[in-house]
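*Asks:* Got a predicted structure plus its sequence, pasted below:
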Amino acid sequence: MTSSDSPAEGVSTAADSNEAPFDDVITLSTSTDGDGTVTVTVVGEVDTFTAPVLRASLDTQLEQQPKALVIDLCGVQFLGSAGLAVLVETQKSARSRDVALRLVANTRAVTRPLEVTGLIDLFTIADR
């Protein structure tokens, strides 16, 4: 298993000198299992400012044609409409590439927006 625990490209951490107000609101890390399943772990808030960073990361992973893509949202404290749009777009892209997509979601901050919008049925969701 290989992994990268550094923040996603384009996302600053508190140590960066030109930090924008939202830069430390999301952290992304990826890992690849021996069977070719890629997991993207998301921690923080997925809103209008951070959704493009998440989308870029997920698009990059899908371009690699993994066996499966898992998006771990257990560390997400807020999932806004922009984040929901990223998830829907990623689902469409994964389906067109024949890549299995699974969300890991066990918090109300993630499951509630998916339920309220009726999007929850589009995804395979696990709680770990």
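*Replies:* Right, received. Where do you want to start? Residues are numbered from 1 along each chain as shown.
*Asks:* Give me the longest strand you can find in the chain.
*Replies:* What stands out as the longest strand in the chain, according to DSSP state E, is strand 68-79.
*Asks:* Which strands border that one, and is each parallel or antiparallel?
*Replies:* According to DSSP bridges, strand 68-79 forms sheet pairs with strand 37-46 (parallel), strand 100-104 (parallel).
*Asks:* Check those strands for me and report the most buried one.
*Replies:* strand 37-46 (a mean of 20; mean count of other C-beta atoms under 10 Å). All C-beta atoms are positioned from the backbone trio N, CA, C, and that covers glycine.
*Asks:* now the helix or strand just after it and strand 68-79, what's the angle there?
*Replies:* Where DSSP states H and E defines the elements, the next helix or strand beyond strand 37-46 is helix 51-63. Using axes from the mean of the first three to the mean of the last three C-alpha atoms, to 10 degrees, the inter-axis angle of helix 51-63 relative to strand 68-79 is 170 degrees.
*Asks:* buried residues in helix 51-63?
*Replies:* Within helix 51-63, the residues scored as buried using 16 or more other C-beta atoms under 10 Å are 51, 53-58, 61-62.
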